[in-house]
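In: Could you look at this predicted model? Sequence included:
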Amino acid sequence: MRDYSARAFKAVEASGLARVDFFVNTATETVTLIEINTIPGFTSISMYPKLWEASGIRYGELVGRLLELAEDRFQRRRALMVTPPE
């Protein structure tokens with residue numbers, strides 16, 4: 001499931017964090033991707049910030065860092081855009 005999640009994350013060019021949801025049918029032994037949720041219940045009591053908090057990064061710091069990463073990515077992609085001639 002981790003490999004499927006990583007592949008889906010990369011396929012949509014996601015960045016930062018996401019929760020990738022699946023249905024698993026044990027009768028047919030099939031796995032179906034349901035959604036990629038880029039903000040999975042992101043509050044100060046959600047699992048993602050709690051995991052970071054356990055490693056010493058507080059909620060406010062985490063939000064700030066995610067915003068910095070988003071801004072960096074935006075600027076990199078913006079620099080690659082070509083403006084059509086007028």
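Out: Sure thing, it's come through.

In: V20 - how many residues pack around it?
Out: Number of residues near V20 (other C-beta atoms under 10 Å) recorded here: 20. For glycine as for every other residue, the C-beta is placed from the backbone atoms N, C-alpha and C.

In: Now it: phi and psi?
Out: In terms of degrees, to the nearest 10, the main-chain angles of V20 are phi -110, psi 120.

In: what's the closest non-adjacent residue to it?
Out: S5 (4.0 Å; C-beta to C-beta, 6 or more residues apart in numbering).

In: Need the pLDDT of the one you found.
Out: At S5 the predicted local distance difference test score is 93.

In: Could you do E71 as well?
Out: Reading off the model, E71 has pLDDT 92.

In: Likewise for M47?
Out: pLDDT recorded at M47 is 84.

In: what about it, how many neighbours?
Out: Neighbours around M47, by other C-beta under 10 Å: 11.

In: buried set for the longest helix along the chain?
Out: The longest helix of the chain (DSSP state H) is helix 59-80. For helix 59-80, the buried set under the neighbour-count rule, 16 or more other C-beta atoms under 10 Å, comprises 59, 62, 66.

In: What strand or helix carries Y48?
Out: helix 47-54 (DSSP states H and E).

In: Below-threshold pLDDT in the protein: ranges please.
Out: Residue ranges of the chain with pLDDT under 70: 40.

In: Can you tell me the element the residue lying closest to M1 once chain neighbours are set aside falls in?
Out: Leaving out its chain neighbours, the residue that sits closest to M1 by C-beta to C-beta, 6+ apart is F22, at 6.5 Å. Element membership for F22, per DSSP H and E: strand 19-25.

In: who does that strand pair up with?
Out: Strand 19-25 has the following strand partners under DSSP bridges: strand 30-37 (antiparallel).

In: what does the partner strand contact?
Out: The contact list for strand 30-37 (C-beta atoms under 8 Å, 6 or more residues apart in numbering) reads 1, 4, 8-9, 12, 14, 18-25.
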